[in-house]
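In: what's the 3D shape of this:
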Amino acid sequence: LGYHSNIVNTIAVIHGGQRVVSGSDDKRVIVWDVGTKAEEFVFKDHTSAVKCLTVLPDSGRIVSGSRDETIRIWDPSGRGEVITLEGHQKAVRSVAVSSQGDSIISGSDDNTIRIWNLGQECEQLTLVGHAGSV
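Out: Got it, this is the predicted structure:
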């Protein structure tokens, strides 16, 4: 593995462990086949560094957070971006999935935590009051 052109910031395992996904300062999210050690898909829609990744447990969709202030959800079969979530005012530093798999939780340099409803594709709640990046 080694086809990013800049620092890799984050990695995650896709269901079953036969594929992994990586995000980099080169603005790309890459899905890798572990068996062949080859790129399966490259997603290039972020406009700045990809800082965090997670995978939705039910669908295997990939969630990425970026310095471009967006969260993007990708189809791991290569069909590209499915959803873009916008609302943070600075870089997204962390993403997680709720235990039910119906919400994404994100943290940002804007000192907020946001909870996103996947079914409605919108922000559900913003938690403020942090003294620094989340």
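In: Strands of the protein, residue ranges please.
Out: 8-14, 19-24, 29-33, 38-43, 50-55, 62-66, 70-75, 80-86, 92-97, 103-108, 113-117, 122-127 (DSSP state E).
In: Let's have those strands in TSV, adding distance to S133 and mean pLDDT.
Out: Where you see a C-beta, it was placed from the backbone N, CA and C, and this is true even at glycine. Output for the strands of the chain, formatted as TSV (distance: least, C-beta to C-beta, whole Å; pLDDT from 0 to 100):
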stretch	distance to S133	mean pLDDT
strand 8-14	14	94
strand 19-24	17	95
strand 29-33	21	93
strand 38-43	25	90
strand 50-55	11	97
strand 62-66	12	97
strand 70-75	16	95
strand 80-86	18	88
strand 92-97	6	97
strand 103-108	7	97
strand 113-117	11	98
strand 122-127	14	94
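In: Of all those strands, which one is nearest V134?
Out: strand 103-108 (3.1 Å; C-beta to C-beta).
In: Direction included, what does that closest one pair against?
Out: strand 92-97 (antiparallel), strand 113-117 (antiparallel) (DSSP bridges).
In: is it possible to export these to JSON lines including distance to K37 and mean neighbour count?
Out: Formatted as JSON lines, the strands paired with strand 103-108 follow (distance: least, C-beta to C-beta, whole Å; neighbours: other C-beta atoms under 10 Å):
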{"stretch": "strand 92-97", "distance to K37": "26", "mean neighbour count": "20"}
{"stretch": "strand 113-117", "distance to K37": "34", "mean neighbour count": "18"}
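In: any chance of these in a markdown table, with distance to V50 too?
Out: Below are those laid out as a markdown table (distance: least, C-beta to C-beta, whole Å):
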| stretch | distance to V50 |
| --- | --- |
| strand 92-97 | 9 |
| strand 113-117 | 17 |
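In: Tell me which of those strands sits nearest to S103.
Out: Here strand 113-117 is closest among these (C-beta to C-beta), at 5.5 Å.
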